[in-house]
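K.L.:
Please find the sequence and the predicted model below.
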Amino acid sequence: MRGPILEDMVSAHDIYEMLPSGVHAEVIEGEVIVNAATPAGRHALIIQFVRDAFASRGIKNLYENTTLLVEPDEDAYVPDLARWPVEVLRTEAWEFPASECLFALEVVSGDRVGKRQRDYRKAAGYARGGVPVLLIVDSAQRVCTLYTEPKGSEYLVRRVTAFGEPVIIPAGAFPVTLATDKF
């Protein structure tokens with residue numbers, strides 16, 4: 001039996017679905033990006049620090065390996081951590097509407113210029129999808145950028161905080177304070 005031929009593919013999602021397990025793939029502005037599924041140690045620690053900050057406020061509905069679908073352009077992002085209403089995840093589906101995501105975290109790993117630019121470029125997609133709060137943690141630049149108030153393809157509010165200073169993350173009635181001194 002022959003496998004699919006790339007010319008027969010209808011969309012980037014067709015290619016995305018062909019990928020083997022063990023890889024992390026996203027569709028960013030129609031381009032399929034494939035990375036190893038296992039992040040670097042520091043990357044994993046930052047994700048845990050963010051998870052712990054939310055948990056300290058009693059917020060536990062944060063998940064890894066969920067795919068956020070930006071309509072109508074069909075970009076698909078896999079944030080390092082995402083906050084979803086539990087009801088949204090009670091399905092066998094693997095893609096979830098970006099508009100249902102309450103918070104997304106992207107941890108920029110490595111210092112390759114192209115990868116770093118791509119991670120920041122995702123902010124426009126998250127805004128288009130209506131994700132109300134996006135946090136990008138950039139270890140190479142030693143900053144956290146918090147995006148809030150999405151409108152169209154941009155966020156109206158962008159707050160840059162140097163490592164060592166706390167980041168205040170909107171999370172409903174009780175904001176989450178993220179200490180960044182251990183990053």
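P.N.:
Received, thanks. Numbers count the residues shown, from 1 in each chain.

K.L.:
alpha carbons only for contacts and neighbour counts from here, please
P.N.:
Will do.

K.L.:
List the residues that contact the residue sitting nearest the centre point of the chain.
P.N.:
In the chain, the residue lying closest to the centroid (Cα atoms, centre = their mean) is P79, at 2.2 Å. P79 is in contact with 64-68, 104-106, counting by Cα atoms under 8 Å, 6 or more residues apart in numbering.

K.L.:
likewise W94?
P.N.:
66-67.

K.L.:
So it versus A171, what's the distance?
P.N.:
25 Å (Cα to Cα, to the nearest Å).

K.L.:
which stretches of this structure form strands?
P.N.:
Using DSSP state E, the strands found in the chain span residues 23-28, 31-36, 62-63, 67-70, 75-77, 81-83, 95-97, 103-108, 133-138, 143-151, 154-162, 167-169, 176-178.

K.L.:
Make JSON lines out of those strands and add mean pLDDT.
P.N.:
Compiled in JSON lines, the strands of the chain are given as follows (pLDDT from 0 to 100):
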{"stretch": "strand 23-28", "mean pLDDT": "58"}
{"stretch": "strand 31-36", "mean pLDDT": "60"}
{"stretch": "strand 62-63", "mean pLDDT": "96"}
{"stretch": "strand 67-70", "mean pLDDT": "89"}
{"stretch": "strand 75-77", "mean pLDDT": "89"}
{"stretch": "strand 81-83", "mean pLDDT": "97"}
{"stretch": "strand 95-97", "mean pLDDT": "93"}
{"stretch": "strand 103-108", "mean pLDDT": "95"}
{"stretch": "strand 133-138", "mean pLDDT": "96"}
{"stretch": "strand 143-151", "mean pLDDT": "97"}
{"stretch": "strand 154-162", "mean pLDDT": "97"}
{"stretch": "strand 167-169", "mean pLDDT": "98"}
{"stretch": "strand 176-178", "mean pLDDT": "98"}
